[in-house]
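Colleague: Just the structure for this:
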Amino acid sequence: MTEAGQPLIQIEDLTKVFYTDEIETHALSGVHLSIRKGEYVAMSGPSGCGKSTLLAIIGLLDTPTDGKYLLNSQPVENLDFGARSRIRNQEIGFIFQSFNLIGDLTVYENVELPLTYRQRMPSADRKKRVMESLERVGMAHRVRHYPSQLSGGQQQRVAVARALAGNPSILLADEPTGNLDSRNGEAVMELLQNLHREGATICMVTHDPRFAKHAEREVHLFDGKVVAEEELQKLMADAHV
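Modeller: Numbering: from 1, shown residues only. All right, here's what the predicted structure looks like:
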């Protein structure tokens with residue numbers, strides 16, 4: 001585990017090119033980014049600027065075309081599928097816009113599922129982690145319920161518990177309030193802030209400036225590049241001319 005304040009994630013000159021029907025789409029073009037242990041970072045920018053692509057690469061769901069990516073000081077940009085899956089399961093917690101809960105599993109089973117892939121973890125340890133995570137998000141009283149029996153806000157809290165249960169190095173949240181009304185969205189933001197105060201490292205993609213302000217640092221993307229806020233405002237204004 002990285003010491004507090006040290007770079008947990010170090011990205012240098014990262015590019016991602018998608019090829020379809022002989023057309024090259026440059027989703028990321030020379031991104032440099034550092035996220036320190038204990039930081040709460042929001043990535044914002046217009047639709048199609050590369051936010052979700054960058055988050056997918058940080059989360060080892062995708063690989064870059066070129067560039068360097070160090071996670072806990074280890075290069076991870078060229079790992080094979082199995083190694084990426086293993087590190088993802090142990091180091092990264094995901095919170096998705098669509099919750100991604102499995103409908104025929106209970107709340108308890110949904111939170112436990114990622115832990116079942118850790119072959120050396122005893123069932124007693126799994127149970128302890130599941131219950132502690134559900135208590136942290138205020139959902140321990142719903143362990144036997146199914147996702148269809150929960151509100152959207154409650155489902156997202158369960159999704160946060162699932163991400164926490166693995167004790168990850170970083171929580172990655174991709175538009176975590178996108179499917180919620182404003183009241184539930186604020187409640188999830190408050191939950192993330194509390195987790196950050198407890199020491200969690202969080203990287204969140206959001207298009208909503210109100211929610212981006214909850215983070216301690218905002219990273220702005222435009223056309224696949226990280227830009228300063230003043231530059232983003234100018235580029236956005238020019239785009240609307």
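
Colleague: is it true that A173 touches H196?
Modeller: No - with contact defined as Cβ atoms under 8 Å, A173 does not count as touching H196 (11.1 Å). Yep, even glycine has a C-beta here, placed from its N, CA and C like the rest.

Colleague: which residues do the two both contact?
Modeller: By Cβ atoms under 8 Å, 6 or more residues apart in numbering, A173 and H196 have these common neighbours: I202.

Colleague: Between the two, point out the one with more neighbours.
Modeller: A173 (27 against 18; other Cβ atoms under 10 Å).

Colleague: what about the nearest residue to R217 once chain neighbours are set aside, which SS state?
Modeller: Nearest non-adjacent residue to R217, counting by Cβ to Cβ, 6 or more residues apart in numbering: V41, 5.1 Å away. Classification of V41 by DSSP: H, G, I helix; E, B strand; the rest coil places it in strand.

Colleague: gap between whichever strand or helix holds V160 and the chain center?
Modeller: According to DSSP states H and E, V160 maps onto helix 152-165. Relative to its parent chain, helix 152-165 has a centroid offset of 13 Å by Cα atoms, centre = their mean, to the nearest Å.

Colleague: Summarise which helices and strands that helix is packed against.
Modeller: strand 92-96, helix 107-112, helix 123-136, strand 170-174, helix 182-197 (3 or more Cβ pairs under 8 Å, 6 or more residues apart in numbering; DSSP states H and E).

Colleague: Ok, which of these comes nearest L54?
Modeller: Nearest to L54 among those is strand 170-174; the distance by Cβ to Cβ comes to 10.3 Å.

Colleague: center of this protein - which residue?
Modeller: Of all residues in the chain, the one closest to the mean position by Cα atoms, centre = their mean is L172, 1.2 Å from it.

Colleague: bridging residues for that residue?
Modeller: F94, C203 (DSSP bridges).

Colleague: That one contacts F94, correct?
Modeller: Yes - taking contacts as Cβ under 8 Å, L172 lies within contact range of F94: 5.5 Å.

Colleague: Overlap in contacts, those two.
Modeller: G59.

Colleague: Neighbours of the nearest residue to D174 once chain neighbours are set aside, how many?
Modeller: Leaving aside its chain neighbours, D174 sits nearest to V205 (5.0 Å; criterion: Cβ to Cβ, 6+ apart). Neighbourhood size, V205 [other Cβ under 10 Å]: 26.
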